[in-house]
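# what follows is a predicted structure for the sequence shown.
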Amino acid sequence: MGHAVALSRFENLDVLLTRNQRYSRKPQAEKQKKKILFVTSEYSDLVKVGGLGDVSSALPKALAPDYDIRVLIPGYPQIINSGFPLRIVGSVPALGEIPACRIGRMNLPSGQIIYVLLCPELYERMGTPYGDNHGQDWPDNPVRFARLGLAAAEIAADQASLRWQPDLVHANDWPAGLAPAYMQWRGQDTPTVFTIHNLAYQGLCSTEYIETLGLAPEAQHINGMEFYGKLSFLKAGINYADHITTVSKTYAWEITTPAFGCGLHGLLKQKFERGQLSGIANGIDDNWDPKTDHHLVKTFDPCYREGKAANARYVEQMFGLRAGPGPLFAVVSRLVQQKGIDLTIAISESIVKQGGRLAIIGCGEPALEEELMKLAERYPKDVGVHIGFNETDARRIFAGSDFLLMPSRFEPCGLSQMYAQRFGSLPIARHTGGLVDTINDGVTGFLFHQAQPDTYWKAVQRAFNVYRCPDLLHAMRSQAMLTPLTWRQSVRPYDQLYRQLMASSVSQLIPAEGGLRA
């Protein structure tokens, strides 16, 4: 199937949903909002590792005007110690070696209701949601996140004493992958959506966990969650959810191919052909606004350039970089192989020789962190590196830089390029996934194809040429600042999908080929 043909299928999702709704029975007036349980392992207002945290915070907020949407998340120390009041409202029983736990309720100032799984032996540890401070995964992650999926199933079955039962469960990425599985094994008919934020992280574990996690015997089958002799939480979500989404149209097509499918391309292609896989692009939160963002040294808009210059001076001072006439390049990223950090290291000397400077912030693989620190030592006034992450500094780097370097080997959606665009920093990115969907090459940024230093460098040279033409640079910046979608605009396909899945009569009226299964 050709790329263009595949994308046209995804673009017709809204048409498909609208057509299906025409054939459904006339809905009765709703007396109250439909209820959605949003299951996630990150929530950026409380705990964040990557883009999943941003989406898990922004999407429920955008859906809140139309839905009673509540978030279910493990009770990590960052959440317990966040300072927001937490009261016990329910509990869920043990299963296999998954311990029982209580459920706390947290009402955030935004109005968002968070259900927190309180299980100290599983979640109250220093580190990230997934591992310790040295980057090592917790060995009992299968139990930790099976607890999350099982709790979602019990809440959906109204067995958690919450006095609140969802009409739909939306599970996100492998940590929540067992939610649709437990629900189907138990014969629950609440519809489910499973969103793949990054197919590369699959939540694999030994088949010895079948009894430990109380899995159904069919789990150890190719049509269950078996994956090359192991069990895959991600595959469970794909196989058992009613509909699978991913976070951009291009990535939704890419993962049906061997190059990007991570061994699951055959299954995903089947889901696509049945109309059960679609790409819905992420948006960005309204608070990413250079005219009002309180994180910035000085706010600005396309016509007021001094504000951007003030943030650039802050970045120069923060990293100890020389002030100069050349462009300022930024890297705001997890420092991992996927993000192409090694490609940026390979061309960094050429950037410096051309008069550019680099400001790099992030953390990740120790070997890449070490290489970047050595690079900063070699060019102390031209390359600055901070290992770690700080929201305020990250925003100021987006605002102060001229270009964002994002040579990802694959990128399901990407948010950094949209943040950079909104703050007038033009992304230089590889032609893959959501980067294709959000960057207009030569208009709102620069794209290159092969993940190789020479093709990457050619794109950077194009950026240098634009920088030397102030009028063209200003025009591209102005266009980029108007480009990113906010969640208020991006939320409509989710709304349509939810409503279609919750309309119980629709499943009988949709043709078997190409329709969505309720």
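Okay, I see it. Note that the structure is a prediction, hence the values are computed from the model and not measured. Residues are numbered from 1 along each chain as shown.
# what sits against the closest residue in space to residue 444 that isn't next to it in sequence?
Leaving aside its chain neighbours, residue 444 sits nearest to residue 480 (4.1 Å; criterion: C-beta to C-beta, 6 or more residues apart in numbering). Glycine gets a C-beta too; all of them are placed from N, C-alpha and C. By C-beta atoms under 8 Å, 6 or more residues apart in numbering, the contact set of residue 480 is 420, 421, 422, 424, 425, 426, 444, 445.
# one more: residue 299?
The contact partners of residue 299, by C-beta under 8 Å, 6+ apart, come to 290, 291, 292, 293, 307.
# is it possible to mark the buried ones in those residues?
290, 293, 307 (16 or more other C-beta atoms under 10 Å).
# from memory the last one sits against residue 293, does it?
No. With the criterion set as C-beta atoms under 8 Å, residue 307 and residue 293 do not qualify as a contacting pair; they are 10.1 Å apart.
# overlap of the contact sets of those two?
Counting by C-beta under 8 Å, 6+ apart, the contacts common to residue 307 and residue 293 are 299, 399.
# low-confidence ranges, the stretch 301-450 of the chain, go.
Along the stretch 301-450 of the chain, segments meeting pLDDT under 70 are nowhere present.
# ranges for the helices of it?
Using DSSP state H, counting those that start in this stretch, the helices found in the stretch 301-450 of the chain span residues 306-319, 341-353, 366-378, 391-400, 416-422, 433-438.
# in a markdown table: the ones you listed, plus distance to residue 283.
Shown next, in a markdown table, are the helices of the stretch 301-450 of the chain (distance: least, C-beta to C-beta, whole Å):
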| stretch | distance to residue 283 |
| --- | --- |
| helix 306-319 | 23 |
| helix 341-353 | 26 |
| helix 366-378 | 29 |
| helix 391-400 | 16 |
| helix 416-422 | 8 |
| helix 433-438 | 10 |
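# ok, and the most crowded of the contacts of residue 480?
Comparing the contacts of residue 480 by number of neighbours (other C-beta atoms under 10 Å), residue 420 comes first, having 32 neighbours.
# look up how far residue 247 lies from that residue.
The gap separating residue 420 from residue 247 is 17 Å, by C-beta to C-beta, to the nearest Å.
# repeat that for residue 444.
Residue 444 sits 19 Å away from residue 247, going by C-beta to C-beta.
# so which of the buried ones among the contacts of residue 299 is the closest to residue 401?
Checking those against residue 401 by C-beta to C-beta gives residue 290 as the nearest, at 12.6 Å.
# can you give me the pLDDT of the closest one?
Listed pLDDT for residue 290 reads 96.
# what helix or strand is it located in?
Here residue 290 is covered by no helix or strand, with elements defined by DSSP states H and E.
# heads up, I number from 5, so please use that
With 5 as the first residue, the last one maps to residue 294.
# wait, it sits on residue 485?
Yes. Counting by C-beta under 8 Å, residue 294 touches residue 485, with 7.2 Å between them.
# helix, strand, or coil at the closest residue to residue 440 other than its chain neighbours?
Spatial nearest neighbour of residue 440, excluding adjacent residues (C-beta to C-beta, 6+ apart): residue 254 at 4.6 Å. Residue 254 carries the three-state label helix when classified by DSSP: H, G, I helix; E, B strand; the rest coil.
# farthest-apart pair in the contacts of residue 303, please.
By the measure C-beta to C-beta, 296 and 311 form the most distant pair in the contacts of residue 303, at 11.4 Å.
# ok, back up a step: give me the common contacts of residue 294 and residue 485.
With C-beta under 8 Å, 6+ apart as the test, residue 294 and residue 485 both reach 305, 426, 427, 428.
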